[in-house]
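Asker: with the input below, show me the fold.
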Amino acid sequence: MAPSQDTRALQTLDALVQNASELLTRLQSVLSELQSNAASQQHSSPVDPNLNALSLAHDSASLIRAHGTKISLLIINEPFTPSAISTVLRELMAGPIPGLASSAQACTSAQYTGIVHAEAASKARRVLSELHELVQKIPRDGKILSEGSSRTGFAAGEKGSLPATGLLWSACDEVISLSKLGVGGIMAKKVEQWRDTLIDITEELKEWGEEEPDDDDDDDDDADDDDDDDDDDDDDDDDDDDDDDGHKKENPQDDVDHLANHLTATSLSPQALLDQIMDSQPPIPKSDPHRIRPRLETSLQRLRLVTLLYQAFTKHRLRKLPPFPAPISSNIPSRLDEMAKLLAALPDRFGDLACAFYDLQPDEIDRVMTQCFSDASTAAGVFAKNWEGGADAFSDWVVRFQGEVKKTYPLG
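Answerer: This next block holds a predicted model:
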């Protein structure tokens, strides 16, 4: 007896679910490789020089979002219609799914920068991953998802259609947002994040410099010395674990274990832990024998200039970028990648400078400070010229900036 129409529809749906799952898994691997090999894509040829990869990503993600919503509704509402779900899966596999993967492949470093290339591949991969999760929720038994945890996914260990759909929406929205930002907007967001980190470092150093040492530090040291002498006098001469009165001595290991247990039992938030670390840094001594404070004031002055550099770069360069995709002959994407590499490294450099200050090491401060501001000057020089290769008002500002950050300040 030939299978019924409903049976054939379920068999077709089952085959499509398997095919879609295999396609999504394979494309995720392709995108993962693209993301990890962003640097090697710098000189790769575009899939289609006339294709706008970000526009294709926007359209593909929008369609995947809409089709994913259809699937979510079809698998939880009566009557269960395998043919309708099969139609949606066919449409996804015929257009939006390969389209999204193609958009990431077309978003080459040579035309869109390595940063945008990696971002596009990463976010496209997440969309396909979340869509795969939703496809796996499609019932194969001809029945809609039942009420309860398997449908809503709110029970422990469950991830039903509604949460899966929400995660898919979120992933698609990220791709759409990325496309709307464009290369300049994506780079501007990165620059803003790095600038915010520099501002945080500046504020932390400023607060640390304003801390006053305790007046009784010297008295405490003397008291500690007296206590040590008293302890030496009270030590007994025998080698056993008892003191002169026959009492058991305290084992230092017990103190360590007690402290470890206390730390384990104490729950600290990351911010509280960071505050503790910051509070543990010794302030600048009042006598300041190593001239730490003049060095700090010099660094803060120039660090504020560096944060202005990030802001000026966004205003005078990123907001004036030409349209993308860039022509194959253009050096703008490679210039942007070089700038991004330098600007991304500066917060770590200044973090090292902050550590040198906290350790009160003047020689290390001088070494790291020189390196920091030399790197800042180099970064500024990379985008001194405009995108046409000429000089403008911002070019003059860069020259003045370089002079200020490399200026030798008196240390008092």
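Asker: where does this structure dip in pLDDT?
Answerer: 1-5, 38-47, 49, 146-160, 214-280, 408-412 (pLDDT under 70).
Asker: biggest helix in it by residues?
Answerer: helix 161-210 (DSSP state H).
Asker: that helix - contacts with which helices or strands?
Answerer: Counting contacts by 3 or more C-beta pairs under 8 Å, 6 or more residues apart in numbering; DSSP states H and E, helix 161-210 packs against helix 53-74, helix 114-135, helix 149-152, helix 292-316, helix 332-358. Quick note: C-beta positions are derived from backbone N, CA and C, even for glycine.
Asker: nearest to residue 180, out of those helices?
Answerer: With respect to residue 180, and counting by C-beta to C-beta, the nearest of the helices and strands packed on helix 161-210 is helix 53-74 at 7.1 Å.
Asker: and the chain, what are its domains?
Answerer: 5-181, 198-213+249-405 (automatic domain parsing).
Asker: one step back: ranking the helices and strands packed on helix 161-210 by burial, who's on top?
Answerer: Of the helices and strands packed on helix 161-210, the one with the most neighbours on average (mean count of other C-beta atoms under 10 Å) is helix 114-135, at a mean of 23.
Asker: still on that earlier bit, tabulate the domains of the chain (JSON lines), appending distance to residue 191.
Answerer: As requested, those are exported to JSON lines (distance: least, C-beta to C-beta, whole Å):
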{"stretch": "domain 5-181", "distance to residue 191": "11"}
{"stretch": "domain 198-213+249-405", "distance to residue 191": "5"}
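Asker: which stretch among those is buried most, on average?
Answerer: Across the domains of the chain, averaging neighbours per residue (mean count of other C-beta under 10 Å) puts domain 5-181 on top, at a mean of 18.
Asker: residues contacting residue 131?
Answerer: By C-beta atoms under 8 Å, 6 or more residues apart in numbering, residue 131 lies in contact with 24, 64, 68, 92, 97, 168.
Asker: rerun that using 6 Å as the cut-off
Answerer: By C-beta atoms under 6 Å, 6 or more residues apart in numbering, the contact list for residue 131 reads residue 168.
Asker: returning to what we had before: so which of the domains of the chain gets nearest residue 187?
Answerer: Judged by C-beta to C-beta, the one of those that comes nearest to residue 187 is domain 198-213+249-405, at 5.5 Å.
Asker: between its first and last residues, how far does the closest one reach?
Answerer: In domain 198-213+249-405, first residue to last residue: 15 Å (C-alpha to C-alpha, to the nearest Å).
Asker: show me how far it is from its chain's centre.
Answerer: Centre-to-centre, domain 198-213+249-405 and its host chain are 17 Å apart (C-alpha atoms, centre = their mean, to the nearest Å).
Asker: could you do stretch 48-60 as well?
Answerer: From the chain centre to the centre of stretch 48-60 is a distance of 25 Å (C-alpha atoms, centre = their mean).
Asker: what's the answer for stretch 202-218, then?
Answerer: Distance, centroid of stretch 202-218 to centroid of chain: 31 Å (C-alpha atoms, centre = their mean).
Asker: mind exporting the C-alpha coordinates of that stretch to CSV?
Answerer: Only the C-alpha atoms of stretch 202-218 are listed here, as CSV (Å, rounded to 0.1, in the frame of the first residue of the first chain):
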residue,chain,number,x,y,z
THR,A,202,43.1,58.0,33.4
GLU,A,203,40.5,58.2,36.2
GLU,A,204,42.1,55.4,38.2
LEU,A,205,45.5,57.0,38.0
LYS,A,206,44.1,60.3,39.0
GLU,A,207,42.3,58.8,42.0
TRP,A,208,45.4,56.9,43.0
GLY,A,209,47.4,60.1,42.8
GLU,A,210,45.0,61.9,45.1
GLU,A,211,45.3,59.3,47.9
GLU,A,212,47.2,60.5,51.0
PRO,A,213,49.6,58.2,52.8
ASP,A,214,48.7,57.5,56.5
ASP,A,215,50.5,59.8,58.9
ASP,A,216,51.2,56.9,61.3
ASP,A,217,52.9,54.7,58.7
ASP,A,218,56.4,55.3,60.3
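Asker: could you save the helices and strands packed on helix 161-210 as JSON lines and add columns showing distance to residue 6?
Answerer: Converted to JSON lines, the helices and strands packed on helix 161-210 look like this (distance: least, C-beta to C-beta, whole Å):
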{"stretch": "helix 53-74", "distance to residue 6": "15"}
{"stretch": "helix 114-135", "distance to residue 6": "21"}
{"stretch": "helix 149-152", "distance to residue 6": "22"}
{"stretch": "helix 292-316", "distance to residue 6": "60"}
{"stretch": "helix 332-358", "distance to residue 6": "54"}
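Asker: these: which one's closest to residue 382?
Answerer: Among the helices and strands packed on helix 161-210, the nearest to residue 382 by C-beta to C-beta is helix 332-358 (5.3 Å).
Asker: what angle separates that closest one from helix 114-135?
Answerer: In terms of direction (axes from the mean of the first three to the mean of the last three C-alpha atoms, to 10 degrees), helix 332-358 departs from helix 114-135 by 90 degrees.
Asker: what's the first helix or strand after helix 332-358?
Answerer: For helix 332-358, the following helix or strand on the C-terminal side (DSSP states H and E) is helix 362-382.
Asker: contacts for that next one next, please.
Answerer: With C-beta under 6 Å, 6+ apart as the test, helix 362-382 has contacts from 290, 295, 299, 302, 306, 309, 338-339, 342-343, 349-350, 352-353, 356-357, 398, 401-402, 405-406.
Asker: swap the cut-off to 8 Å and go again
Answerer: For helix 362-382, contacts defined as C-beta under 8 Å, 6+ apart pick out 290-292, 295, 298-299, 302, 306, 309, 335, 338-339, 342-343, 345-346, 349-350, 352-353, 356-357, 398, 401-402, 405-406.
Asker: repeat that for stretch 169-180.
Answerer: Stretch 169-180 is contacted from outside by 54-55, 57-58, 60-62, 64-65, 68-69, 100, 119-120, 123-124, 126-127, 129-130, 186, using C-beta under 8 Å, 6+ apart.
Asker: swap the cut-off to 7 Å and go again
Answerer: Stretch 169-180 is contacted from outside by 54-55, 57-58, 61-62, 64-65, 119-120, 123-124, 126-127, 130, 186, using C-beta atoms under 7 Å, 6 or more residues apart in numbering.
Asker: now, among those, which is nearest to residue 141?
Answerer: residue 130 (23.8 Å).
Asker: dump the residue contacts of the closest residue to the closest one other than its chain neighbours.
Answerer: Closest residue to residue 130 apart from its sequence neighbours, by C-beta to C-beta, 6 or more residues apart in numbering: residue 168 at 4.2 Å. Neighbour list for residue 168: 65, 68, 130-131, 134 [criterion: C-beta under 7 Å, 6+ apart].
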